[in-house]
Each structure stands twice: as structure tokens, then as C-alpha cells.
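In: sequence plus the predicted model coming up.
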Amino acid sequence: MSQYDDFDPFEAAAAPVPLSQRAMGVRPTPYLDGLNPAQRAAVEELDGPVLLLAGAGTGKTRALTTRIAHLLMQGKARHGQILAVTFTNKAAREMKDRIARLLGETVEGMPWLGTFHSVSVKILRRHAELIGNADLHLKTTFTILDTDDQIRLLKQLIAAENIDEKRWPARMLAGLIDAWKNRALTPSRVPKSDARAYDGYGVKLYQAYQDRLLALNAVDFGDLLMHCVTLFQAHPDILRQWQERFRYILVDEYQDTNTAQYLWLRLLAQAHHNICVVGDDDQSIYGWRGAEVGNILRFESDFPGAKVIRLEQNYRSTPHILAAASRLIAANSGRLGKTLWTEAEGGERVRLIGHWDSEAEARWIGEEIEAFHGGHRAAIGKRSLNDIAILVRASHQMRAFEDRFMTIGLPYRVIGGPRFYERQEIRDAMAYFRLAVSPDDDLAFERIVNVPKRGLGDKAVQKVQIEARDRGLPLLLGAAAAVASGAVGGKGGGALRLLTEQLGRWHADAIDSTVSHVELAERILDESGYTAMWQNDKSPDAPGRLDNLKELVKALEEFENLQGFLEHVALVMDTDKQESAEQVSIMTLHGAKGLEYPIVFLPGWEDGLFPSQRSMDESGTRGLEEERRLAYVGITRAEELATISFAGNRRMYGQWQSSLPSRFIDELPEDHVDVLTPPGLYGGGYGAAAQPYGQSSIYDRASKADVYNSPGWKRMQERSSHHAAPVHKKPVTIDADPAAGFTVGEEVFHQKFGKGRIMGIAEDTLTVEFGTGFKTIKAAYVQPLSAAGSDDVPF
DNA sequence: TCGAGGCTATTTTTT
DNA sequence: ATAGCCTCGA
């Protein structure tokens, strides 16, 4: 995780402890060597409640994983007796890897190290029949709904109540229900004060939704936690069973727990109090989705006698970066308080620069990155693009960077876009697979019944639903009945008959273990016409979707059968594939939590954007403080150099808006900041930012010139000893596939903009006219149209 | 039933 | 600006 791991003394511990030694009761503890005193305490304080306050970059994961290793090595618990929960699959995976490294063995045997949700599923599957009532309860095979299914279901319920969906959108209801579930509030427990929500229908619809889920033998993500809590509360005997099993409990990112997770943990821990939570109140940035910082602030009173251990030695960032972050976060109230320090010395100050507008900002950052990459900043040295990240407050800020980097041919990767398994084509395909496995999956049926278009509209689907309801059948069988009875006839009827027959065949094959599930998947996508649908689609993203389908099928190979795959996907929805090429990373500040980069850019520090106006409007001081913590997270991602920037003008919702530098900028310590901004834009009042704005390039250039002439810039130049003048248009070394082969007038294809025609060629840069207008793009980003994939059939 | 064009809302996001 | 959603007409 950290560069310091390179000389991590634990590496040595990776050598397996010989069985003979272990059998003799000899328990070497080489993995304890090299821990600082606080870390050592965190590892060795095994019994009773422990609150581990771990500041950014202080070796939190190391402490946590070493603690687990120690528990095992000391014989305090066996693998299956340790419960370790994280929020993300990624964090869980990383912990598994590191424990394996420490112990020199695989950690297949850590069955209860996982996310809150995956652990909850395991527990729930064993007691599913206790969720619900005597008449209607979950079965152990329950399915886990994704957000799409959830919304679709809610829409139906809203329509059934004759509520105007425009005034009360399903998404809002989903949010409401989710918030209740985050607080472990079942419909009957929703307090009166909340009952007026959603025009008074909230609780009623919530109840209806829960009933419907039960009937579908399904749960949503919120249920996983909530059902566990109610299960434990209603069945003390079962709770006791789990308490006895989990002798030791560890929790990562405790500051992010919501009320349901808190109750879940408290119930499990209350018997023995062997609970160790790790967190950093200063990095609590998920209040808006139900996280309660209060949980960590209150830990000592929840678990009297808790030992509080602070990890304050930072191994990640330079003193300047730490100082800037520390000063900023000091403006927050109600902190548990930590003082980060480091043995490191020197390093660059945090840089601050103002720009005329967001485009100038993107341009400048692009040039800086090229300079770092080319080794033109002596103070920093030549850098891989992988070492550089741009962290933005809101995803719409990314566009400016994408556009700019596309133009100059700077490879980038957006982290945290729509997840693979959330994409439409993947969900459609999965719905087909789900139906093949479980023909009674009504939500899946509804999703694909008319995808691809089969001439089955609302009317036909309604008839199927009526048929199914009258006969008490799942939709698929209802559909067959509707066809048989002639309720759905004509063209649609024929298509529906074909579909039901196909699904019957696929189901037979799905439960036939002699049929390869990979081949079956391919056949399903083929025979259903789903692949063909995208092949015939001319939109620019169609080829990408076909690629994704190919990848989906490839992912199937790693599983025994379709069932296994579907189970996996419901919970492990991340497939971030590592691309090998060097790329600058662009992501939101939220997405950056837990990551670190030598060089970090923090653009868009303007009041209203960051801190976000909406946060402040909705949550007042609390909101502002959360934004400040976000800023803190941002700065502390940087190992060597952090650059904060703001723009005087930004295009928002198509309108140019002027803005003022973020109030957070004033909270930075001057001693640790280099101001690269011309006085007009920052410092001497907000003069420049308040002037009337032209949008012409003249202003633009003038502004940039000002920046380069500013004292700050010159100081910067001098400090970084030798180098060429500010790197303007430098050719980029990567992707140096020149424009050779392209001719003016030729049609090309671009992943994002689609089909276009080349209007001009200069070196390796093309001017291309797309449907939306002209773009200047590096040749490497486009392909000749003929190669764009239409004959590249996936299956 | 389906596609075209008008209207509207637009932070952050895991499971 | 823009994407998703909805209404309307064929």
C-alpha cells in the first residue's frame, strides 16, 4: 500500500513458520519487529475493547492485519473465530493478502473476513426462515436485489398507490427506505416524526415493499444488515451462538459505520467485548449516506474501559503536506484529536494556484503533468503517470480534464465510473442468466421480456402479470399460460412463446451439469438476440458494450456454474481491471479514500463547489465540517506534492459562473504553501474574480501569461533549478503511434464521440468533426472506421 | 408499440 | 451542456 512497505520488516515474516515449530508451541513473532510503539500496542492489546485512532498514512492496515496474525499465532483464536469486517471488497481482499503474507499461508481459512454485507449474507442464509412471519418467510436461497430491481419494484408500488411519481420519485422513496434501513428501522419501528415523509405514504409503501420482497424471496442491500439486527434481537439463542463463534471482532473504517452496522457490532460484541475498531474521525466523509461519526466518538462510553491507541506517526507524506492538512482540519470542532507527525524532512510545499477558468485549470494541470512525466521538474524528478492523481469534488469536474487530456494525448483513467456489473448490458445479460437458473425470478423476467424489442409493450406485460397473479404462478409460467390461452396473441404472442420456450430449454441446460455454463451463457445471449441487438446498434458505445459482454462471459469461466457466478456478483460488484499502461488517475475525493499518490492535484477549490453549497445548505455546520474532512482526505493522499487550484470561472449547467476561492484555502498555513497565483486572482481581495468575464481566448491567454509572470511562478522556476521554460505543447512520448495512415476526409471512430470525419492532420494530432462538433484529438485515440468493430463479433 | 422531440434536474457512492 | 424521462403522434 505504501512505498514504505518496500522495506517493511514484515516481509521477512512471509516465510512460513515450520509446522514442527508451531506444534512444539514455539511462537516466534518476527512480524512484531519494526512496529512503532503505538502500532505494537495496537497489535498486542488483544483482549477487551480497543479504539485504534489511525490517522491518514499511519499504517492502519498493517496494524490491523498484524493484530489478526498475532491473534492466530498466540492461539487466542482459530481462523474461523475471528470476525473482521470492512466496507469494501477491495479492503477485504487487501487484508486477506496481507495476512497471508504475514503468515506465509493462504487465508482461505479466514471465512469471516469480509464486508459487512457479505458476512451478513452468510449469517442470514443460515436463518433465512426466521425472517418474515410464519406464513411468509425468506428461504435460504433468497436473492439479493440490485438498485435497478429495487427502483423498478418501487415504481410498481407507487403506481399501485396512485401517487404522482413526478412529485415523489421512486428514487426518493428508495433513498428514504434506505435511510431507514441504515438505522435498522423496520416499517413498524419508523418513528412518528418520520412517518410524514413522502406525503405520509412513506411507511405504508415501505411496508408494501418489504412484503413484496418477502414474496419474491429477495432482500436488498439494506436488508442484509437490518435483517441480521432484527434476527439477533428477536432470537437471543441465535445471537449467543454467533457471539460464541466470534471470539474476536475487528472493524475497519469504524467512522463510516451507520446505525444498523453499529447495532450489528454491538450485539455481537456485547458478550465478550473483544472488539477492536479502527478509524479516523477526521476521515468521516459518508455522513450523507447514513454514517454516524458519533459511533466512533462514543466508543469509549459504549465499551467502558476501552483502550484508546493513537497511531500518529505518518509514513506517507512530507511535513509540508501534513502541516497543511493538520491546520485545515483543526478548524473542525468535536474531534477526538490526533497530531500527525513524521520523521521525514524537506519536500515541496503545498502549491496553490488560481486560474481564469476551469479550462485554463485543466490546461495548466495537463502541462504540469507532462512536465513531471518528462522529468522537467528537478525537485520532483521524472515520474510515471501512475504516480499522479487528480482528485475532484464532483464527477462533472472530470470532463474538463478528459477533454484536455484527450486533446494532448495524455493517457488517463477515470476511477470509480459506473461499475462493470452496473452497466446496462451486463445487467440485462445477468437477468437472462438469472432466469435460466431460477425461472421464478420475476424481476429478471420483467427486465428482459422486451429486451431486445419483441413487440411486447406495457399492455402485453400487464396481461402476463394478470395471468400469473390469477393462477399464482411466476411471470414466466404466467407468460406461457397467457400465450396458450391466447390472452397475448399476434406478433407479440409469437415472440413471447419463443422466449418462454427458449427459457425452458436454457433452464434445463442450466441445471444439467454436463452442459458447459460458459457455452450456455454464450448461447443464451446469442439465441435471445441480445448480442445481435448491440451489433445492430450504431451508437458509439455499442462496441464497448459488446466488449463488456465478452468480458462477462470470460468472467464466467472462473466459476463452477451460473449459480455460483450469480451469487458472487450480487455481493462483489467490483471488477476494476488493472490496465497495464501508464495513466494519470482521475477520481472523486470520495473515491480516493484509502489511496495514495506521490503527486496529487486538487482542482476546483471554490466556494460552492468545494465546500459544496448543497452540503452546507442541507447540513449546515455539520455539512461544512464533512466537506473539510474531505479536503483533509484529499491533501493527505499526497506523498510528495499536493497542488491545490481554483478557477475564477466555471461552466456549470451550461452557464458560465464566476466563483470565489474556497474558504478552505484561507485555512491553510501560509508557511507551508507556495502561492503560484497572480495577486489579482488571489490574496489582494477577489478583484479579478469579480470583474466582468469575457469568455474569449484573449482573456484566457492574458490570464495564463499573468500566472507565468507572477512572483510565485518565478519563485517556483528558481527553486526547481534547471529546466526548460514552462512546458507548453510538448510532444508526448507515450502512444506515439503517429497519424500515419490517416487521410483527410476519412471516417474514424472514437470511443466517446462516435463516428467522425477527419478534417485536418497535424503531426499526430487530428481535427475531427463529430456529430457534436469539432474536436482536436491525438490520432491514438481514434481508429479507422472499418476497424471499429462491427465485424468483430463477440461470440 | 415505438421513436422523436420537449422538459427538467443536475454531489459525493458501497454493498 | 446534457442525459434521462416523459409525452405525443405515427
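Out: Perfect, thanks for sending it.

In: from here on, just use CA atoms for contacts and neighbour counts.
Out: OK.

In: tell me who's in contact with A:G455.
Out: A:K491, A:G492, A:A495 (CA atoms under 8 Å, 6 or more residues apart in numbering).

In: in helices only, show me the residues you listed.
Out: Within the contacts of A:G455, residues falling in helices by DSSP state H are A:K491, A:G492, A:A495.

In: could I get these as CSV with pLDDT, neighbour count and distance to A:R327?
Out: Formatted as CSV, those follow (pLDDT from 0 to 100; neighbours: other CA atoms under 10 Å; distance: CA to CA, whole Å):
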residue, pLDDT, neighbour count, distance to A:R327
A:K491, 81, 12, 70
A:G492, 84, 18, 67
A:A495, 91, 19, 66
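
In: next up, the contacts around the nearest residue to A:G132 once chain neighbours are set aside.
Out: Nearest residue to A:G132, sequence neighbours excluded (CA to CA, 6 or more residues apart in numbering): A:L138, at 6.5 Å. With contact set as CA under 8 Å, 6+ apart, A:L138 has these partners: A:A128, A:E129, A:L130, A:I131, A:G132, A:L214, A:N217, A:A218.

In: how about 7 Å then?
Out: By CA atoms under 7 Å, 6 or more residues apart in numbering, the residues touching A:L138 are A:A128, A:E129, A:I131, A:G132, A:L214, A:N217.

In: among the residues you listed, which are located in helices?
Out: Judged by DSSP H, the subset of those located in helices is A:L214.

In: quick one: buried ones out of the contacts of A:L138?
Out: Among the contacts of A:L138, those that count as buried by neighbour count (16 or more other CA atoms under 10 Å) are A:A128, A:I131, A:G132, A:L214, A:N217.

In: what count of nearby residues applies to A:D135?
Out: When counting by other CA atoms under 10 Å, one arrives at 5 neighbours for A:D135.

In: separation between it and DNA strand C?
Out: Counting by CA to the nearest atom of the strand, to the nearest Å, the gap from A:D135 to DNA strand C is 35 Å.

In: part of a strand, is that residue?
Out: No: under DSSP: H, G, I helix; E, B strand; the rest coil, A:D135 falls outside any strand and is assigned coil.

In: ok, it - contacts?
Out: Under the criterion of CA under 7 Å, 6+ apart, A:D135 has no neighbours.

In: per-residue pLDDT, it?
Out: A:D135 is assigned a predicted lDDT (pLDDT) of 87.

In: can you get me a residue count around A:K593?
Out: By other CA under 10 Å, 17 other residues sit near A:K593.

In: for it, phi and psi?
Out: The phi/psi pair for A:K593 (degrees, to the nearest 10) reads phi -60, psi 130.

In: residues in contact with it?
Out: Shown in contact with A:K593 (CA under 7 Å, 6+ apart): A:V633.

In: look up how far A:G416 lies from it.
Out: 12 Å (CA to CA, to the nearest Å).

In: and for A:R663?
Out: Taking CA to CA as the criterion, A:R663 is separated from A:G416 by 27 Å.

In: quick one on the thing from earlier: check the buried ones among the contacts of A:L138 against DNA strand B, which are close?
Out: Counting by CA under 7 Å from any atom of the strand, nothing from the buried ones among the contacts of A:L138 sits close to DNA strand B.

In: redo the residues you listed as TSV? Include distance to A:Q39.
Out: Output for the buried ones among the contacts of A:L138, formatted as TSV (distance: CA to CA, whole Å):
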residue	distance to A:Q39
A:A128	40
A:I131	42
A:G132	45
A:L214	46
A:N217	46
